[in-house]
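[1] Got a predicted structure here, sequence first:
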Amino acid sequence: MEPKKNPKADLEKLRGTFTLAGLVLSLFIVYAMVNWKFYDVQAAQLGELVVDEEEEDIIPITEQNTPPPPPPPPPAAPEIIEIVEDDIEVEDIEIDTEVEVDEVVEVFEEEEEVVEDEVFTIVEQMPEIPGGIQKYLAQNVKFPAAAKANSISGRVFINFTVGKDGKIRDVKILRGVHDLLDREAIRVVKAMPKWKPGKQRGKAVSVSYNLPISFQLR
C-alpha cells in the first residue's frame, strides 16, 4: 500500500521558484564581488586622521592705479586791443630847419682846468721873510696895554701859509693864550710883507708855516 503525500508538502511545485531565486542570488553575489573595492591600508595608517588639505586663500594682487595729474590750465586768452579810429585831422606843421650862420651860438665852452694849489710842510728851500723873522717881530709886535695891566703874558702859536707868490694867507691860531694876545699875533702876521717863497725841486711852491710869538712882561 503506497503512502500518500500531503499535497502541501510536495516541493516539486516550488522547484522552478527556488531555481529562479538561486539564480538571482548568484548573480547578485557575482555582481557584488566584481564591484567590491579593496584598499591597501597599512597598520601605521589606521590611527591617522585624514584631513583634506585646505586650499590656501589666494589673495588677488590689486594694482594701485595713481590718478594722472590734472591737465594744466589753458593759456589765458590774449587781450584784445581795440583800435579806435582817430577822426581828428592834424594840420601839418612846418619846421624851419635852416639856421643862418650868424645865429649859431657856441653853447659848450671849454672849462678851464682848475688845479688846486698844493701846500707843503717841508720843502728843500723853506720860505724867508726879508730881514729875518725875529727882526720883524721885534719891530712890529706891540704888547696890548690891557694885557699888560692885567699881567697877561705867554706864547701864542700861530699857523699861516706862504703862497708860491710870497703872500701870506690862511692865518689861524693853533694854541692861544688870551684873546688880547691872540688878536695882536694875527694882526702882526697879516701885516707881514711878501716872503721869498719856498722851493721844491727848483720850483716855487706854497708852504705851511708855524710861528710862535712870545709876549713877556718886563
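    Sure, I can see it.
[2] could you pull out the strands for the chain?
    Assigned by DSSP state E, the chain shows strands spanning 119-120, 154-162, 168-175, 198-200, 203-215.
[3] Which secondary structure elements does the shortest one sit against?
    With contacts defined as 3 or more C-beta pairs under 8 Å, 6 or more residues apart in numbering; DSSP states H and E, the packing partners of strand 119-120 are strand 203-215. Every C-beta, even on glycine, is put in place using the N, C-alpha and C of the backbone.
[4] and the strand it packs on, which residues are buried?
    204-207, 209, 211, 213, 215 (16 or more other C-beta atoms under 10 Å).
[5] which one of those is nearest residue 122?
    residue 207 (8.2 Å; C-beta to C-beta).
[6] Dig out what the closest one forms beta bridges with.
    The residues listed as beta-bridge partners of residue 207 by DSSP bridges are residue 120, residue 162.
[7] May I ask you to name the longest helix in this protein?
    Assignment by DSSP state H gives helix 15-34 as the longest helix of the chain.
[8] could you give the mean pLDDT of that one?
    If you average the pLDDT over helix 15-34, you get 83.
[9] which residues are in contact with it?
    Residues from elsewhere that reach helix 15-34, judged by C-beta atoms under 8 Å, 6 or more residues apart in numbering: none at all.
[10] ok so, going back, using TSV, please lay out the buried residues of strand 203-215 together with distance to residue 180 and pLDDT.
    Compiled in TSV, the buried residues of strand 203-215 are given as follows (distance: C-beta to C-beta, whole Å; pLDDT from 0 to 100):
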residue	distance to residue 180	pLDDT
204	36	93
205	35	94
206	31	94
207	29	94
209	23	93
211	18	93
213	13	93
215	9	91
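[11] now those as JSON lines including distance to residue 159?
    Listed next are the buried residues of strand 203-215 as JSON lines, based on distance: C-beta to C-beta, whole Å:
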{"residue": "204", "distance to residue 159": "20"}
{"residue": "205", "distance to residue 159": "17"}
{"residue": "206", "distance to residue 159": "13"}
{"residue": "207", "distance to residue 159": "11"}
{"residue": "209", "distance to residue 159": "7"}
{"residue": "211", "distance to residue 159": "8"}
{"residue": "213", "distance to residue 159": "12"}
{"residue": "215", "distance to residue 159": "18"}
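[12] Looking at the residues you listed, spot the one nearest residue 71.
    residue 206 (83.0 Å).
[13] hang on, that closest one packs against residue 121?
    No: the pair formed by residue 206 and residue 121 falls short of the contact definition of C-beta atoms under 8 Å, at 10.4 Å.
[14] in this protein, what spans have low per-residue confidence?
    Along the chain, segments meeting pLDDT under 70 span 1-13, 37-67, 76-116.
[15] Many thanks, have a good one.
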